[in-house]
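# Requesting a structural model of the entry that follows:
(4 chains)
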2 protein chains.
Amino acid sequence: MNFCQACTVRNRAICADLDEDEIGLLNNIGRPMHLEQGERLLWEGEDAVLVANVVEGVMKLSAQTADGKEQILGLVYSSDFLGRPFGQTTPYGAEALTKTQVCVFPRGEFDRFAREHPRLEHKLLERTLTELDRTRRWMLLLGRMNAEQKLASFLLETADRLAPDACGPFGEGAPRMLTLPLSRQQIADVLGLTIETVSRQFTRMKNEGLVEVLGRREIAILRRDALEARTR
Amino acid sequence: MNFCQACTVRNRAICADLDEDEIGLLNNIGRPMHLEQGERLLWEGEDAVLVANVVEGVMKLSAQTADGKEQILGLVYSSDFLGRPFGQTTPYGAEALTKTQVCVFPRGEFDRFAREHPRLEHKLLERTLTELDRTRRWMLLLGRMNAEQKLASFLLETADRLAPDACGPFGEGAPRMLTLPLSRQQIADVLGLTIETVSRQFTRMKNEGLVEVLGRREIAILRRDALEARTR
DNA sequence: CGTAGAATTGATTATTATCAATCATCGTGG
DNA sequence: CCACGATGATTGATAATAATCAATTCTACG
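Here you go, the predicted structure:
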């Protein structure tokens, strides 16, 4: 059974540059897997036994301080790669934030395949470099922004990264609806804040007419430009 | 003139797995370059025109918020790689913190060479993955640690990364001397703090007998275990 | 409906930033 | 070689921001 042929991220994930033969081989190594919201795929500090492509859904990567405070290290969207190839231990936990479809590979076999297929390694390198850039930009947010700047940045980035799934009226001026893949607590864990501070910032932005808070997870961005100004 | 033959990081940098012929080719692309303390090699947001290996010295990667606050995104030590291959713009500035010896490559030529030499790309991938892990660990520090935990973590990591150059008596119990490659302000910029807060934490650690502050940049770690406890 | 978990709101505290002044260190030139 | 000045570091006082603690209030779901 070749799952790759029907794969919706076949042309966006790291497998994009492989030819049919190669995809066939990779297909034999990987297997599709479904995760319910809240299910974990990786545990911080454990042996790096597997890596994966996210096909559908959103996952979080996270670590904890010794006293149990969580920090979300990254969000992984569809077509993104997940896990630590060429390494002994997984330096973070990975948990599904929504119903998620992944394509899982045993790490050892994936590593071997990657070393034998430079086009795959190249894609993986490009992705890793992009992810490193994104992570470093997030450091600027964590280290030097206040709560308002953090939340504004988060909303804008989330809107962009969810863009492919966006629905509703498009074009300039139209409010941008989004369904957040995170709870308030999780947003706090992304931004290095507490849930109360996040909540207060939402209230403030709502009162100032920047966003509309419809449900717990339904947000409309009313004034993108004003929100961008708040990131600065 | 083949500089690589005399290169002190020949076996540790990304060139480690190349054979003599390949090194010869790479040698033709790169050229050695000296940087004085404070000299810049890359500017945030500019075109990515070059990449480099650090041969000797320490450099910082940094970005700024719109209102000019700086955040150091990473420190680059000898044998580390620097710059953004396969990308249009350099997402951070790079500046020498000490007298530094680098080996610079025009990005376009480096990219081409890398694509043609999978062993180099593989080394680069491993390094990028390691750097991503390190950066993510730093996110936990920035997002969830207090000033004391941050400074303790910084001192321990710096001691480790400077270890090859360490001098003085070794072994358990012996104080670990280190020459910080950063000013107090730069330490603050690494940790997402102000210079005053960093200074106060140093004073506190000194008073508690964890470290000795000899000169502005000379620190002795007196009780590593106690310092480790402060990171938690 | 009623309930449990999530989110919001309010009051207070803690931590760190900011502002201001003083002190130390290092390099320089007399 | 020493005094001086400049820069960097420390210290102190105060303010701002976000964390913490403590109720409510939503709202999604059985």
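# max-length helix in chain A?
Using DSSP state H to define each element, chain A has its longest helix at helix A:118-144.
# next helix or strand past it?
helix A:147-161 (DSSP states H and E).
# how about that following helix, does it get close to DNA strand C?
No: Helix A:147-161 is not in contact with DNA strand C by CB under 7 Å from any atom of the strand; minimum separation 10.7 Å. In short, each C-beta sits where N, CA and C put it, glycine included.
# What is whatever helix or strand comes next after that helix packed up against?
Next helix or strand after helix A:147-161 toward the C-terminus (DSSP H and E): strand A:176-179. Packing contacts for strand A:176-179, counted by 3 or more CB pairs under 8 Å, 6 or more residues apart in numbering or on different chains; DSSP states H and E, involve helix A:147-161, strand A:218-221.
# what comes up buried for strand A:176-179?
By neighbour count with 16 or more other CB atoms under 10 Å in any protein chain shown, strand A:176-179 contains the buried residues A:176, A:177, A:178.
# that older thread, export the helices and strands packed on strand A:176-179 as JSON lines, with columns for distance to residue B:83.
Formatted as JSON lines, the helices and strands packed on strand A:176-179 follow (distance: least, CB to CB, whole Å):
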{"stretch": "helix A:147-161", "distance to residue B:83": "24"}
{"stretch": "strand A:218-221", "distance to residue B:83": "35"}
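# touching chain B at all, the strand or helix carrying residue A:198?
Here residue A:198 sits within helix A:195-207, counting by DSSP H and E. No: shown here: helix A:195-207 not in contact with chain B (CB under 8 Å from any CB of the partner chain), separated by at least 12.7 Å.
# Please name the residues that touch residue A:107.
Residues near residue A:107 by CB atoms under 8 Å, 6 or more residues apart in numbering or on different chains: A:48, A:49, A:50, A:51, A:83, A:84, A:85.
# Residue A:88 versus that one, what's the distance?
10 Å (CB to CB, to the nearest Å).
# Check residue A:7 too.
Distance, residue A:7 to residue A:88, by CB to CB: 29 Å.
# tell me the domain ranges of chain A?
For chain A, the structural domains run A:4-141, A:146-230, going by automatic domain parsing.
# mean pLDDT for those domains: which is lowest?
Confidence, taken as mean pLDDT, is least for domain A:146-230 of the domains of chain A (a mean of 89).
# one step back: compare the contacts of residue A:107 and tell me which is most surrounded.
When neighbours are taken as other CB atoms under 10 Å in any protein chain shown, the top entry among the contacts of residue A:107 is residue A:51 (28 neighbours).
# Who is that one paired with across the strands?
residue A:105 (DSSP bridges).
# Now do the contacts for it.
Applying CB under 8 Å, 6+ apart to residue A:51 gives the contacts A:81, A:82, A:83, A:84, A:85, A:104, A:105, A:107, A:110.
# so who does residue A:137 touch?
Per CB under 8 Å, 6+ apart, neighbours of residue A:137: B:63, B:91.
# How much space separates residue A:178 from DNA strand C?
Distance, residue A:178 to DNA strand C, by CB to the nearest atom of the strand, to the nearest Å: 14 Å.
# same question but for residue A:38, I mixed them up
For residue A:38, the distance to DNA strand C (CB to the nearest atom of the strand) stands at 9 Å.
# Between residue A:7 and residue A:88, point out the one with more neighbours.
A count of neighbours by other CB under 10 Å puts residue A:7 above the other of residue A:7 and residue A:88, at 21 against 9.
# can you give me phi and psi for the closest residue in space to that one that isn't next to it in sequence?
Excluding the flanking residues, the one nearest residue A:7 by CB to CB, 6 or more residues apart in numbering or on different chains is residue A:55, at 6.4 Å. Taking degrees, to the nearest 10, you get phi -90, psi -40 for the backbone angles of residue A:55.
# neighbours around residue A:55, how many?
21.
# can you pull the contacts of it?
Contact partners of residue A:55, counting by CB under 8 Å, 6+ apart, are A:7, A:8, A:9, A:13, A:32, A:78, A:79, A:101, A:102, A:103.
# for residue A:141, same thing?
By CB under 8 Å, 6+ apart, the residues touching residue A:141 are A:149, A:150, A:153, A:191.
# Thank you, goodbye.
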